[in-house]
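only geometry, no sequence info:
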């Protein structure tokens, strides 16, 4: 009798346990493991700038087995020429080309410019603030700006989220180049920017449940500690975190950005990008106008750049720029990077990339 009673109780408990386990896996964040199955392709990617499809055809190393795909930059204005009117023809052509070669595409959305070229649609021109240098920074903390970027994310999701070769959407670096006068005039506060980033990143990831959002994090003007608030929140949603530079001897990055990789290596999937500075990085962390005074032996090899990203930053994705401005000055090139890629086709497989 006691045995039969125990069996009846056991039979009633089992369904309850199953329900708890199911809804427990779908809590405030995404069920990261199940939603990303078959859509997770870590490894080496080739980074290219905005341009026509032919640019991808000109990448001579794209068919290398160790190259998982392309991280391509797209101006926002290219994808949304008018408010609410989207033109994904170039992206579709790029994705079709990569699919035919078994490669992935990470769409790197540019809302910030480092040159005089404007990257935002005309209807958002007032949200592009001239930088102290030669470029423009977006007003990313403004609710309307965030809403429009989320609308773009939803449109991209409807068209590409289920595409097996669409790896995800990358959001440009958190750093802003806005003068203190413009910041005050436009109502900037570190708290508003922090909250805006959280709204933007979590909203984009909810809009792209089968793909990934790559957050380029480096600095947050006024309070870099708020980057940790952003990272703590996005960890529950499956957003990936990384940065635009692999520069082991960069003093500011070493103090502000790189400690975050160690802090979140077990909570977030991490990535990093080897841009032009990585191809000409010196142990003395010199500025460009000082380079003629530095001995050539001080420049890091691409192997050293990779090992720092793998062993100190614990990254799962590396984006290697294919071209950069220093090519005509005799610095290291992608020809040096491809040798490293061939020698290390797989890395950090044991790193945790989802929350169990």
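Looks like it came in fine. Here the structure is a predicted model, which is why all the values come from computation and not from measurement. Numbers count the residues shown, from 1 in each chain.

which one is residue 92 nearest to, not counting chain neighbours?
residue 159 (7.8 Å; CB to CB, 6 or more residues apart in numbering). (C-beta placed from N, C-alpha, C; glycine too.)

so what's the one you found scoring on pLDDT?
On the pLDDT scale, residue 159 is placed at 98.

got it, and residue 292?
On the pLDDT scale, residue 292 gets 60.

what does residue 82 give?
pLDDT, residue 82: 97.

from residue 277, how far off is the residue lying closest to residue 248 once chain neighbours are set aside?
Using CB to CB, 6+ apart and skipping the chain neighbours, the partner closest in space to residue 248 is residue 308 (4.3 Å). Using CB to CB, to the nearest Å, we find residue 308 at a distance of 13 Å from residue 277.

same question for residue 190.
Distance from residue 190 to residue 277, by CB to CB: 26 Å.

likewise for residue 176?
19 Å.

helices of the stretch 151-300 of the chain, residue ranges please.
Assigned by DSSP state H, counting those that start in this stretch, the stretch 151-300 of the chain shows helices spanning 180-185, 190-207, 226-234, 251-256, 258-264, 276-279.

more neighbours, residue 176 and residue 277?
residue 176 (21 against 18; other CB atoms under 10 Å).

what's near enough to touch that one?
For residue 176, the contact set (CB atoms under 8 Å, 6 or more residues apart in numbering) comprises 112, 137-138, 140, 193, 221.

one more pass at 7 Å, please.
Neighbour list for residue 176: 137, 221 [criterion: CB atoms under 7 Å, 6 or more residues apart in numbering].

over to residue 177?
131-133, 135, 137.

most neighbours out of those residues, which is it?
Ranking the contacts of residue 177 using other CB under 10 Å puts residue 137 first, with 25 neighbours.

bridging residues for the residue most central in space within the chain?
Nearest to the geometric centre of the chain sits residue 214, at 2.9 Å (CA atoms, centre = their mean). Taking DSSP bridges as the rule, residue 214 bridges to residue 170, residue 240.

I figured it hits residue 242, correct?
Yes: the pair residue 214 / residue 242 is scored as a contact, 6.4 Å apart, by CB atoms under 7 Å.

joint contacts of the two?
residue 271.

about what we covered before: ok, the residue nearest to the centre of the chain - contacts?
106, 168, 170-171, 240, 242, 271.

what packs against the longest strand along the chain?
Across the chain, the strand with the greatest residue count (assigned by DSSP state E) is strand 67-75. Helices and strands touching strand 67-75, as assessed by 3 or more CB pairs under 7 Å, 6 or more residues apart in numbering; DSSP states H and E, comprise strand 43-48, helix 89-99, strand 104-110.

how close does residue 241 sit to residue 136?
Counting by CB to CB - residue 241 and residue 136 are separated by 24 Å.

my bad, should have said residue 83
19 Å.

check residue 210 too.
32 Å.

more neighbours: the two, which one.
residue 136 (23 against 17).

pLDDT below threshold where in the stretch 201-350 of the chain?
287-296, 325-330 (pLDDT under 70).

could you redo the last one with a cut-off of 80?
286-297, 324-331, 350 (pLDDT under 80).

run through the strands of it in chain order.
Ranges of strands in the stretch 201-350 of the chain, per DSSP state E, counting those that start in this stretch, are 212-216, 240-243, 270-274, 317-321.

what lines up beside the third one in the sheet?
This points to strand 270-274. Strand 270-274 has these strand partners (DSSP bridges): strand 240-243 (parallel), strand 317-321 (parallel).

ok, the residue nearest to residue 171 when sequence neighbours are not counted to residue 202 distance?
Spatial nearest neighbour of residue 171, chain neighbours left out: residue 215 (5.5 Å); criterion: CB to CB, 6+ apart. Separation of residue 215 from residue 202 (CB to CB): 10 Å.

and those two? Which one has more around it.
Higher neighbour count among residue 215 and residue 202: residue 215, with 25 against 21, using other CB under 10 Å.

was I right to think the more buried one contacts residue 243?
No: counting by CB under 7 Å, residue 215 stays clear of residue 243, with 9.2 Å between them.

return the set of buried residues in stretch 92-99.
94-95, 97-98 (16 or more other CB atoms under 10 Å).

nope, stretch 195-213 is what I meant
Within stretch 195-213, the residues that count as buried by 16+ other CB under 10 Å are 195-208, 210-213.

kindly report the same for stretch 259-277.
Buried-residue list, stretch 259-277, by 16+ other CB under 10 Å: 260-261, 264-265, 267-275, 277.
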